[in-house]
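Chemist: Sequence first, predicted coordinates after that:
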Amino acid sequence: MTTPATADPGAMLDEVRRLREQARRRARAGAWFPVAALAALLLASIALYQAPFAQADLIITGPPWAGLPDMQRSTLASYLFWFIGTPLTIALIGAWYRLRARRVGVRVPWRWFAITALGALLALAVLAAMPVDRPADADLVKMYVEPPLFDQVRWGLYTPLLPIALATIVLGWAERSRALILSGLWVGLITFWQCSQGMGSLPGWATWILNGFEGPALGGQWTLFGLNRPGPTLILMALPLLVFAAVRAVRTGGGLR
């Protein structure tokens, strides 16, 4: 292949960059659908709680199968929601990526995302089989002010929301999206905080920092914006995912062309 002598090398480089950028945008145009599906799963889980928005003075002693440590409508319903709903959501996302591969000719390494989500869910099932040393009596829970760090970590991991957070991070890697990786970290951090400390509870060191590094580190309760309740907390978790999905869908026109 020969290049005409009159061709402008700068213009050719600009054209190559333009084509490369166009290919990159086309490859990442379908990310909105899996992200929207994960956000929908988070928001749908609000229905698992007895009082997701109303303020209630509850002491939770059972496992948080609904996702967050609050009173759930049915342990079985929560268990089925996550252990059936999550694989179904992953299957739907996989079907979307296969459809895009046929329609657009672009492949995304989404299988790592699926392996992460299902692997983390399986690890949760194994973790659930291990005894968790939570006081079974509500009065004892009230006196259980500062549990050992190891127990806090275990409680923070003992939730079906973490597989969603990990899967979102891996999906961000597959889609080469820093925003999506940060969204997954956002979901994971809020989940770990709420599950390890209790809904809206702040550890002593956090209240000490919020008080300007003064006063006793006695802990406290975060009630601003209702973040001590499952409903507002899950909406806050899903918000970055919803914004990402909406912006990407509008910019790419659906990602199927």
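Modeler: Okay, I see it. Numbering: from 1, shown residues only.
Chemist: What segments of the stretch 101-250 of the chain are strands?
Modeler: Taking DSSP state E, counting those that start in this stretch to define them, one finds strands in the stretch 101-250 of the chain at 201-202, 220-221.
Chemist: Which of those has the lowest mean pLDDT?
Modeler: Mean pLDDT is lowest for strand 220-221 out of the strands of the stretch 101-250 of the chain, coming in at a mean of 63.
Chemist: Just confirm residue 53 is within a helix.
Modeler: No. Per DSSP: H, G, I helix; E, B strand; the rest coil, residue 53 lies outside any helix segment and is coil.
Chemist: and it, what pLDDT?
Modeler: At residue 53, the predicted lDDT confidence score is 88.
Chemist: got it, and residue 257?
Modeler: pLDDT, residue 257: 58.
Chemist: Also residue 249?
Modeler: pLDDT recorded at residue 249 is 88.
Chemist: how many neighbours does it have?
Modeler: By the measure other C-beta atoms under 10 Å, the count of residues near residue 249 is 18. The C-beta positions use only the backbone N, C-alpha and C, and glycine is treated the same way.
Chemist: Residue 201 now?
Modeler: Other residues lying near residue 201 total 16 when counted by other C-beta under 10 Å.
Chemist: So what sits opposite it in the bridge?
Modeler: Residues found in beta-bridge contact with residue 201 (criterion: DSSP bridges) are residue 221.
Chemist: Settle this for me: residue 245 is touching residue 32, isn't it.
Modeler: Yes. Under the criterion of C-beta atoms under 8 Å, residue 245 makes contact with residue 32 at 4.4 Å.
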